[in-house]
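> Below are the sequence and a predicted model for it; my questions follow.
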Amino acid sequence: MNARHLPLADAVAELVHDGDTIALEGFTHLIPMAAGHEIIRQRRRDLTLVRMTPDLVYDQLIGAGCASRLIFSWGGNPGVGSLHRFRDAIQRGWPAPLQIEEHSHAGMANRYVAAASGLPFAVLRGYAGTDLIGQTETIKPITCPFTGEVLAAVPALDLDTTIIHAQQADRAGNVQLWGIVGIQKEAVLAARRSLVTVEEVVDELTPRPGAIVLPSWSITAIATAPGGAHPSYAQGYSDRDNGYYRAWDAISRDRDAFTAWLDAEVYGAVSR
């Protein structure tokens, strides 16, 4: 089944449900912020959020009360400091308690790859010398049947929906992204459903060196959302808004300031 072109609000309404396990992926670049705001706007609840590097979009989702669980590796406001809505949820249960499941970057990447490959788990050395095995139930020691070496096993991620942002889609539903990329391809292939927001829809994709092309059959829906990665950037379309990241630190530290921001910038904004 080929990807369908839908308005963003309709795509989120169809693909993200209360209680779902969802991943919004992107590494510094092409972060699906507009989709995250639409999830907040539709007041989704009890979500399990999955991401290798939770940053502002997850701070906002957590602060808005959308999440009950976070599966992640590193989390922070890149180049600035902590995620204060995330911290408030962990330390004080505001606006709701948040459970966490912490992994290494390598562990998270391998969990995506295992799911995309249809495998039940992944095996790696990456947890040797850390105490994560004692803190995280989803990391288990496993003995290699060939060498006897003790390694770590992590289960494949069980994703309902993956959401990413990309530069272009064509009218047939194929998507192309380029520049700095993370685990987007594997995250899309790992999930039962997927949504890609794009800067624009073109008649034909132009091949680019190092670009990733996701075929239409791998995607459930595409939504056009120019600037949908802001304040992160989309190579060839927009620059990173460093001032936004700095400003977020003060906004997110204070519950009243955050609530005012949420009312003005998300609930009070028109859906794309």
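Received it, and whenever you're ready, just let me know what you need. Numbers count the residues shown, from 1 in each chain.
> can you list the weak-confidence ranges in this structure?
270-272 (pLDDT under 70).
> Quickly list the domain ranges of it.
If you go by automatic domain parsing, the domain ranges for the chain are 4-104+161-267, 121-155.
> from those domains, which stretch is densest packed?
Comparing the domains of the chain by mean neighbour count (mean count of other C-beta atoms under 10 Å), domain 4-104+161-267 ranks first with a mean of 19. In this view, the C-beta of every residue, glycine as well, is placed from N, C-alpha and C.
> Quick one: distance of it to the chain centre.
5 Å (C-alpha atoms, centre = their mean, to the nearest Å).
> now the helices: where do they sit in this structure?
All helices of the chain, identified by DSSP state H, fall at 8-15, 33-41, 56-63, 84-92, 105-116, 132-135, 184-190, 242-253, 255-262.
> on that earlier part again, quick one: the domains of the chain as CSV, columns for distance to Arg111 too.
Shown next, in CSV, are the domains of the chain (distance: least, C-beta to C-beta, whole Å):
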stretch, distance to Arg111
domain 4-104+161-267, 7
domain 121-155, 5
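> Val113: which of these is closest?
domain 4-104+161-267 (5.3 Å; C-beta to C-beta).
> distance between the ends of the closest one?
One end of domain 4-104+161-267 to the other measures 26 Å (C-alpha to C-alpha, to the nearest Å).
> Next: stretch 118-127.
End-to-end for stretch 118-127, by C-alpha to C-alpha: 23 Å.
> Contact partners for the spatially most central residue of the chain?
What sits nearest the mean C-alpha location of the chain, by C-alpha atoms, centre = their mean, is Leu24, with 1.9 Å. Contacts for Leu24 were tallied using C-beta atoms under 8 Å, 6 or more residues apart in numbering; they are Ile31, Pro32, Ala35, Gly36, Leu49, Arg51, Val57, Tyr58, Thr162, Ile163, Ile164.
> Could you dump the helices of the chain into JSON lines with distance to Ala153 added?
Shown next, in JSON lines, are the helices of the chain (distance: least, C-beta to C-beta, whole Å):
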{"stretch": "helix 8-15", "distance to Ala153": "30"}
{"stretch": "helix 33-41", "distance to Ala153": "31"}
{"stretch": "helix 56-63", "distance to Ala153": "26"}
{"stretch": "helix 84-92", "distance to Ala153": "27"}
{"stretch": "helix 105-116", "distance to Ala153": "10"}
{"stretch": "helix 132-135", "distance to Ala153": "10"}
{"stretch": "helix 184-190", "distance to Ala153": "17"}
{"stretch": "helix 242-253", "distance to Ala153": "36"}
{"stretch": "helix 255-262", "distance to Ala153": "39"}
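> Out of these, which is closest to Pro78?
helix 242-253 (6.6 Å).
> List of residues touching the closest one?
For helix 242-253, contacts defined as C-beta under 8 Å, 6+ apart pick out 56, 59, 63, 77-81, 83-85, 230-231, 257-258, 261.
> Quick check: of those residues, which lies closest to Asp10?
Distances from Asp10 to the contacts of helix 242-253, taken by C-beta to C-beta, are shortest for His230, at 21.3 Å.
> Apart from its neighbours in sequence, what residue is nearest Ile22?
Counting by C-beta to C-beta, 6 or more residues apart in numbering, Thr161 is the residue found nearest to Ile22 once chain neighbours are left out, at 4.7 Å.
> Fine by me, thanks again.
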